[in-house]
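return atomic coordinates for the entry below.
(chains A and B)
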Number of protein chains: 2
Amino acid sequence: MRIALDAMGSDAFPEPEVLGAIQAAREFGWHIILTGNETQLLEALTRAVGPRLPGNITIEHAPERVTSSEQPAFASRQKAKNSIARGLDLVKSGAADAFVTAGNTGAALTNGLLVMKRIAGIRRPALTVTLPVKNGRCIMLDIGANADCKPEYLFQFGIMGAVYAETALGITNPRVGLLSNGEETGKGNELTRAAHHLLTTANLNFIGNIEPKDIFGGAADVVVTDGFTGNVALKVTEAVAGLVGSMIKNAFTSSPLAMMGGLLAKSAIRHASRDLDPNEVGGVPLLGLNGIAIKAHGRSNARAIRSALVAAATAVQNNMIAELQKRIAAAGNPINQPAAPT
Amino acid sequence: MRIALDAMGSDAFPEPEVLGAIQAAREFGWHIILTGNETQLLEALTRAVGPRLPGNITIEHAPERVTSSEQPAFASRQKAKNSIARGLDLVKSGAADAFVTAGNTGAALTNGLLVMKRIAGIRRPALTVTLPVKNGRCIMLDIGANADCKPEYLFQFGIMGAVYAETALGITNPRVGLLSNGEETGKGNELTRAAHHLLTTANLNFIGNIEPKDIFGGAADVVVTDGFTGNVALKVTEAVAGLVGSMIKNAFTSSPLAMMGGLLAKSAIRHASRDLDPNEVGGVPLLGLNGIAIKAHGRSNARAIRSALVAAATAVQNNMIAELQKRIAAAGNPINQPAAPT
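Alright, predicted model coming up:
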């Protein structure tokens, strides 16, 4: 297993990447190829393990870095020798089996499309997120790659999400739901009503429309939506969790009794809030690219980088790309399917 | 002040309505006209205050009731003599100044359109919600009346929301934001990019695109969105708040120490969760109808019904409908405005 890791991506780069790579290299014996500024990376590696570097960690120099705030398409053109592009090149050339980055999501997708291209038949790639839900996690896609979607994109998102859930998360026969404003088949907007019809024709465990309360109740493994709605839903999730958290924090400082209560319950509450923390999930794939590219959170620590490397390795071991190619080809072009009854 | 109140609307009808009406009638001296089953309402009134009924509470008999689960358009046709339609008729005929219901939202809107019609020039009516945000509340519309919107509907939602904020909530020069997946002007989908342009031409304190974290941070007084996205955003808000709440609750039972902490902090936490409770807000208007119709939450208690009656009276006192008529006429037809630059 050879995984290329953008070592200049996370907010605290390169420490989380270097430490996460060392953990995974030691624990699993994988070959980790760090991409980024060679001098900086050698320094960070030496700080971490001393002068005797592990034999299964190597560095591929990339002189440029795309920051998290840069406009992806522009930065990707201006900085052709960035650490993301270098890592993707390694996969493209066969020197690595998969790529992981905690950097600029848009730049990862833009470079990914340039370097890896799309899987044959895929209309649009999708960004994915892992949402904390009751008793587990579920994945949602698209969460921002495509603000305007056509029904056939959503149809393919369903297939891509299911294949990812099967091959990378080990979920058998994943339940695929379509995010909507009501459970009934007729609910939704023009886009989701058309997508609903297409998804019923797919070879999927399609459970139909699903509302937010059922998503967070754990009723689906994969939630399909367009990139605008998905992005808003994700950001509302983060904002409300933050607001509730700060209200609870304020509640604990509102009286001496409450403060004492807060102190006693501190570790239990920290445990609960960790369940809601995206850092606890290693990474999510850029689905639709013709190669495995995993995006870790910008706030990743070493543990999160290690988890992202595990996710990448799992996708490699379970032939995620071959399975995607097969399933997308088998599904055919959904716009050639019979139209929805009117 | 004469307010028609659907006394058969709330989940626990007619008690919350009858008790809320008694509170408002006593406190403010308003005339409250209860619509619904006369026998049931007389019994409930007698249970509450004995045989000497307040002179400023009267009953208008309506033999039928639309349940909260009924399909609105069908139920409104089948049950023409329902308590919602009766209340709306009273406003239409001039016998009441405003109408309040805690019943089926869709039926309120359907009957409202049939009885009150739209304000001249209004393309689509909108449903509104009051969201709890940092240090206050903000209103969001549309949250479900129109799953598919055109840019000009969103333009009018901005005007309607601002007039409601000014006349019913007393907010001077309300900040109007457009829900989007990024703050920059170019962000959004086709619908929001076109609506953004129209809103800049409106006579509004338009603050541009707004993301969920800024909404919950209190950056806007009015948030404009289409009914599909707004409905999903609202339902995600409710679901995440519920999930976080139950995680906190679980945290407090995870160890004896945490349980003791939870007991000590109980009242503070109850206080915080009340800040997130939609019941604490009295009601929201069905905006765009040519008359004041306020929708209270189905789970309303007497206090919430009283608040909804106060909201209705405030809108009457501040001439909300006249102001809406004036502002919509002044704004003209936005599709005749110059097109967005390409």
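
so where's the longest strand in chain A?
Looking across chain A with DSSP state E, the single longest strand is strand A:126-133.

packing partners for the following helix or strand past that strand?
Following strand A:126-133 in sequence order, the next helix or strand is strand A:136-141 (DSSP states H and E). Applying 3 or more C-beta pairs under 8 Å, 6 or more residues apart in numbering or on different chains; DSSP states H and E, one finds that strand A:136-141 makes contact with strand A:126-133, helix A:151-167, strand A:222-224, helix A:227-251. The C-beta positions use only the backbone N, C-alpha and C, and glycine is treated the same way.

next one: phi and psi at residue A:6?
phi -60, psi 110 (degrees, to the nearest 10).

the residue nearest to it when sequence neighbours are not counted: how many residues sit nearby?
Using C-beta to C-beta, 6 or more residues apart in numbering or on different chains and skipping residues adjacent in sequence, the residue nearest residue A:6 is residue A:101, 3.7 Å away. Neighbour count of residue A:101, defined by other C-beta atoms under 10 Å in any protein chain shown: 34.

residue A:149: what secondary structure?
coil (DSSP: H, G, I helix; E, B strand; the rest coil).

touching, it and residue A:191? I think so.
Yes. Residue A:149 is in contact with residue A:191 according to C-beta atoms under 8 Å; the separation is 6.4 Å.

ok, back up a step: quick one, phi/psi of the residue nearest to residue A:6?
phi -140, psi 150.

identify the residues contacting it.
A:5, A:6, A:9, A:83, A:84, A:87, A:108, A:293, A:294, A:295, A:296 (C-beta atoms under 8 Å, 6 or more residues apart in numbering or on different chains).

quick one: the first one is in a strand?
It refers to residue A:5. Yes. Under three-state DSSP, residue A:5 falls within a strand.

any idea of the pLDDT on it?
The per-residue pLDDT reported for residue A:5 equals 98.

okay, now it: neighbour count?
34.

isn't it up against residue A:305?
Yes. Using C-beta under 8 Å, residue A:5 is in contact with residue A:305, at 7.4 Å.

overlap in contacts of those two?
Counting by C-beta under 8 Å, 6+ apart, the residues touching both residue A:5 and residue A:305 are A:17, A:20, A:21, A:100.

any idea how chain A splits into domains?
A:2-123+A:280-327, A:128-278 (automatic domain parsing).

CSV for those domains, including distance to residue B:72?
Conversion of those to CSV gives the following (distance: least, C-beta to C-beta, whole Å):
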stretch, distance to residue B:72
domain A:2-123+A:280-327, 36
domain A:128-278, 12
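
which one, of those, ends up nearest to residue B:123?
domain A:128-278 (16.7 Å; C-beta to C-beta).

quick one: the closest one to chain centroid distance?
13 Å (C-alpha atoms, centre = their mean, to the nearest Å).

what's the distance between residue A:18 and chain B?
Between residue A:18 and chain B the computed distance is 31 Å (C-beta to the nearest C-beta, to the nearest Å).

need the nearest residue in space to that residue, chain neighbours excluded.
Nearest one to residue A:18, counting by C-beta to C-beta, 6+ apart, is residue A:44 at 4.4 Å.

wait, doesn't that neighbour sit right on residue A:21?
No. Counting by C-beta under 8 Å, residue A:44 sits too far from residue A:21 to count as a contact (10.0 Å).

more crowded one of these two?
Using other C-beta under 10 Å as the criterion, residue A:44 and residue A:21 rank with residue A:21 on top: 30 against 21.

do I have it right that that one meets residue A:308?
No. With contact defined as C-beta under 8 Å, residue A:21 does not reach residue A:308; the gap is 10.5 Å.

quick check: which element contains residue A:270?
helix A:256-275.

let me know the pLDDT of the residue nearest to residue A:221 when sequence neighbours are not counted.
Residue nearest to residue A:221 in three dimensions, not counting chain neighbours: residue A:174, with 3.8 Å by C-beta to C-beta, 6+ apart. According to the prediction, residue A:174 has pLDDT 97.

OK, contacts around residue A:174?
Per C-beta under 8 Å, 6+ apart, neighbours of residue A:174: A:161, A:162, A:165, A:166, A:205, A:221, A:222.

what about the fifth one, how many neighbours?
Each residue near residue A:205 was counted by other C-beta under 10 Å, and the total is 16.

what about the helices in the stretch 1-150 of chain A?
Ranges of helices within the stretch 1-150 of chain A are A:15-28, A:38-49, A:72-78, A:83-92, A:105-115, based on DSSP state H, counting those that start in this stretch.

redo those as JSON lines? Include mean pLDDT and distance to residue A:214.
Below are those laid out as JSON lines (pLDDT from 0 to 100; distance: least, C-beta to C-beta, whole Å):
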{"stretch": "helix A:15-28", "mean pLDDT": "96", "distance to residue A:214": "35"}
{"stretch": "helix A:38-49", "mean pLDDT": "96", "distance to residue A:214": "45"}
{"stretch": "helix A:72-78", "mean pLDDT": "81", "distance to residue A:214": "33"}
{"stretch": "helix A:83-92", "mean pLDDT": "97", "distance to residue A:214": "36"}
{"stretch": "helix A:105-115", "mean pLDDT": "93", "distance to residue A:214": "27"}
